[in-house]
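Peer 1: Just a sequence and a predicted model for now, questions to come.
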Amino acid sequence: PYRKEIITKLGELIGQTSTFLFSAFSATTRATALFVFHFFVLLYTMYFFLTDGPRLVRTLLAYLPLGESDKERMLDKFVSVTRATLKGTVLIGLTQGVLGGIAFWLVGIDGAIFWGTVMTVLSIIPGVGGALVWVPAAIILAATGSFWQAVGLALFCSLIIGSVDNLLRPILVGRDTQMHQLLIFFSTLGGLLAFGVMGFILGPILTALFLTVWEMFGVAFRTELHE
């Protein structure tokens, strides 16, 4: 007796499913095309940076209204902060990945090495990188009856692994850049708020350049400042 209603509902369900699948396919296609385009732009840009990089840097420095010593100081500060930030990011990622792999192995998750590697790669996303792996793992453990393993994994990852970034980044970056740990912490947070994911590099760099200019100002106007 409900044949017509059932057919109507099935037709609506098929239409909604088709719309959803088409939207998902379109979004996936756009994301893939955008990734390929960005990767091409990266390779194209890197080619000119590697071949013409020194000349571009000299041209840029030539237009700065500074003395040669000040130009070299700013360039050295930029390079040292960039190197320290990238090195710190790699070391933090490796630490989080190793700790995550050990935690997965202890609670009995298959492929602990693989998931630890994934956490290492995702750690470039500050704050939520590792959580993209261990939060679903804890949920699956709890759903399959391993409640205490899920609790232990969640506590270890949130308290220990989650603190690695906040503890090591100021130490690793601050030691090489001669910047205070608190300044590194707030410059990283400010960079993330202002520039997104890339802010964890741009924030400390801009802060270091600002401090360098501040020191140059103090040297240039030493006499006036002490009067």
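Peer 2: Great, that's in hand.

Peer 1: where along this structure do the helices fall?
Peer 2: Secondary structure of the chain (DSSP state H): helices located at 3-62, 68-106, 112-122, 131-143, 147-156, 162-177, 181-195, 199-220, 222-225.

Peer 1: In TSV: those, plus mean pLDDT.
Peer 2: Putting the helices of the chain into TSV (pLDDT from 0 to 100) gives the following:
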stretch	mean pLDDT
helix 3-62	82
helix 68-106	83
helix 112-122	83
helix 131-143	83
helix 147-156	85
helix 162-177	71
helix 181-195	80
helix 199-220	81
helix 222-225	71
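
Peer 1: TSV for the ones you listed, including mean neighbour count?
Peer 2: All C-beta atoms are positioned from the backbone trio N, CA, C, and that covers glycine. Below are the helices of the chain laid out as TSV (neighbours: other C-beta atoms under 10 Å):
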stretch	mean neighbour count
helix 3-62	10
helix 68-106	18
helix 112-122	18
helix 131-143	17
helix 147-156	16
helix 162-177	18
helix 181-195	17
helix 199-220	17
helix 222-225	8
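
Peer 1: residue contacts, the residue nearest to residue 82 when sequence neighbours are not counted?
Peer 2: Spatially, and ignoring its direct neighbours in sequence, residue 82 is nearest to residue 205 (6.1 Å; C-beta to C-beta, 6 or more residues apart in numbering). Applying C-beta atoms under 8 Å, 6 or more residues apart in numbering, we find residue 205 in contact with 78, 81-82, 85.

Peer 1: distance of residue 205 from residue 88?
Peer 2: Distance from residue 205 to residue 88, counting by C-beta to C-beta, to the nearest Å: 13 Å.

Peer 1: Mutual contacts of the two, please.
Peer 2: What both residue 205 and residue 88 touch, as defined by C-beta under 8 Å, 6+ apart, is an empty set.

Peer 1: which one is residue 113 nearest to, not counting chain neighbours?
Peer 2: residue 101 (5.6 Å).

Peer 1: wait, doesn't that neighbour sit right on residue 115?
Peer 2: Yes: assessed by C-beta atoms under 8 Å, residue 101 is found in contact with residue 115 at 6.7 Å.

Peer 1: what phi and what psi does the backbone show at residue 180?
Peer 2: phi -70, psi 150 (degrees, to the nearest 10).

Peer 1: same deal with residue 221?
Peer 2: According to degrees, to the nearest 10, residue 221 has phi -120, psi 30.

Peer 1: Can you report how many residues neighbour it?
Peer 2: Counted with other C-beta atoms under 10 Å, residues neighbouring residue 221 total 11.

Peer 1: mind checking how far it is from residue 72?
Peer 2: Residue 221 is 20 Å from residue 72, by C-beta to C-beta.

Peer 1: Okay then, goodbye and thanks.
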